[in-house]
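Peer 1: Build the 3D model from these lines:
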Amino acid sequence: MSFDEISAMFDSEYQKLENFIDTATKSDLSIHDIVETYYQIMNVSSMSAMLKQQLDSEKHKELLEKISATDALISEKFNSIVHPQIMEKLAKSIQDTTDNLQSANNEQKSQQDIENEAKLYDELREKMSTKEFVEQYDKGLK
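Peer 2: Here you go, the predicted model:
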């Protein structure tokens with residue numbers, strides 16, 4: 001792979017990352033979007049670490065500056081602002097779903113009630129597993 005191809009690939013991944021972070025700051029993310037965002041963060045972070053080790057500081061100064069800016073974006077915007085917000089929203093969403101399920105009337109339930117409750121349990125499992133994934137990322141920051 002040529003240097004130009006590597007540079008273009010990094011730019012492309014950076015653009016995706018920027019879009020994910022921008023979306024995360026403006027709206028609530030779905031579970032799928034949260035997972036995708038964290039994978040993109042990890043992907044770009046890994047790519048950045050690998051490139052920093054392999055690039056020559058004089059020959060590839062422009063790309064290395066872009067990598068530093070990317071690291072700063074991840075650190076200052078995602079890790080400091082977006083990540084804590086996602087963790088907080090996930091915790092609140094899990095609590096709301098749990099409260100909703102606990103307050104469900106245990107009397108006779110219609111088939112519709114049972115199906116809705118089953119969907120809520122599936123949603124709760126998905127949120128809890130996503131929260132666990134996000135907490136693993138958080139542990140890596142400390």
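Peer 1: can you give me the mean pLDDT across the helix or strand hosting residue 92?
Peer 2: Applying DSSP states H and E as the criterion places residue 92 in helix 83-102. Averaging pLDDT along helix 83-102 yields 93.
Peer 1: Packing partners of it?
Peer 2: Packing partners of helix 83-102 (3 or more CB pairs under 8 Å, 6 or more residues apart in numbering; DSSP states H and E): helix 31-54, helix 111-141. All C-beta spots, glycine's among them, are computed from the backbone N, C-alpha and C.
Peer 1: in that helix, what counts as buried?
Peer 2: 83, 86, 90, 93-94, 97 (16 or more other CB atoms under 10 Å).
Peer 1: Redo these as CSV? Include distance to residue 14.
Peer 2: Formatted as CSV, these follow (distance: CB to CB, whole Å):
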residue, distance to residue 14
83, 18
86, 20
90, 26
93, 29
94, 32
97, 35
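Peer 1: With respect to residue 27, which of these is nearest?
Peer 2: Ranked by distance to residue 27 (CB to CB), the buried residues of helix 83-102 are led by residue 86 at 11.8 Å.
Peer 1: Please report how far that closest one lies from residue 34.
Peer 2: Separation of residue 86 from residue 34 (CB to CB, to the nearest Å): 6 Å.
Peer 1: overlap in contacts of those two?
Peer 2: Taking CB atoms under 8 Å, 6 or more residues apart in numbering as the criterion, residue 86 and residue 34 both touch residue 134.
Peer 1: what angle sits between the helix holding residue 92 and helix 31-54?
Peer 2: Helix 83-102 runs at 150 degrees relative to helix 31-54, counting by axes from the mean of the first three to the mean of the last three CA atoms, to 10 degrees.
Peer 1: Quick one: residues in contact with helix 83-102.
Peer 2: 24, 28-29, 34, 37, 117, 120-121, 123-124, 127-128, 130-131, 134-135, 137-138, 141.
Peer 1: try 7 Å
Peer 2: The contact list for helix 83-102, computed with CB atoms under 7 Å, 6 or more residues apart in numbering, reads 24, 28-29, 34, 117, 120-121, 123-124, 127-128, 130-131, 134, 138.
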